[in-house]
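Give the three-dimensional model of this entry:
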Amino acid sequence: MTPLEHCILRRADYNEHGDCSVIAVALTCRVDYDLAHVAMRAAGRKPRRGAFHEQIRKAVKSLGKEPQKYLIIRKPNGSKYTPKTIGKAYPQGRYLVYTRGHVFALVNGEVQDWTAGKKNHILGIQRVKES
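The predicted model follows:
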């Protein structure tokens, strides 16, 4: 079972939806969904609701990782990246990737989310490093 599949199974125990931030934090920080859920709740996320950028940042820090600067990125030709194209631009590392109203994990060039292969415009990206 992949880490993403594990997260999807665990979310049912919490009766969750709107928890893309919890899943993204779990996958980028290499922690269990349960621990990411607790960290996000401690950072101010309400159950069955989305999360704000600052709440995600606080949760990542509380899990012992270092969120780097949020970057607004564009392709060399000026167009926006999508989940379908972002992996080639960032083939190494762990990232939180933000689209409108959604966040997902990019781990070593692989989108770990239902948006993989989609054409949602990426608004920004944030590397998560070991601290």
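
so Y95 sits in a strand?
Yes: the assignment for Y95 by DSSP: H, G, I helix; E, B strand; the rest coil puts it in a strand.

Leaving out sequence neighbours, find the closest residue to it.
L106 (4.2 Å; C-beta to C-beta, 6 or more residues apart in numbering). Bear in mind the C-beta positions are built from the backbone N, C-alpha and C, glycine included.

Just the mean pLDDT for the helix or strand harbouring the one you found, thanks.
If you go by DSSP states H and E, L106 is part of strand 102-107. Here strand 102-107 scores 97 as its mean pLDDT.

Mind jotting down where the strands sit in this protein?
65-67, 94-99, 102-107, 110-112, 122-130 (DSSP state E).

For T85, see how far away the residue of the chain most remote from its centre is.
When distances are taken from the C-alpha mean of the chain, N77 lies farthest, 25.6 Å away, according to C-alpha atoms, centre = their mean. Going from N77 to T85 by C-beta to C-beta, to the nearest Å gives 12 Å.

just to revisit the earlier point, am I right that the residue nearest to Y95 is in contact with G87?
Yes: counting by C-beta atoms under 8 Å, G87 is a contact partner of L106 at 6.7 Å.
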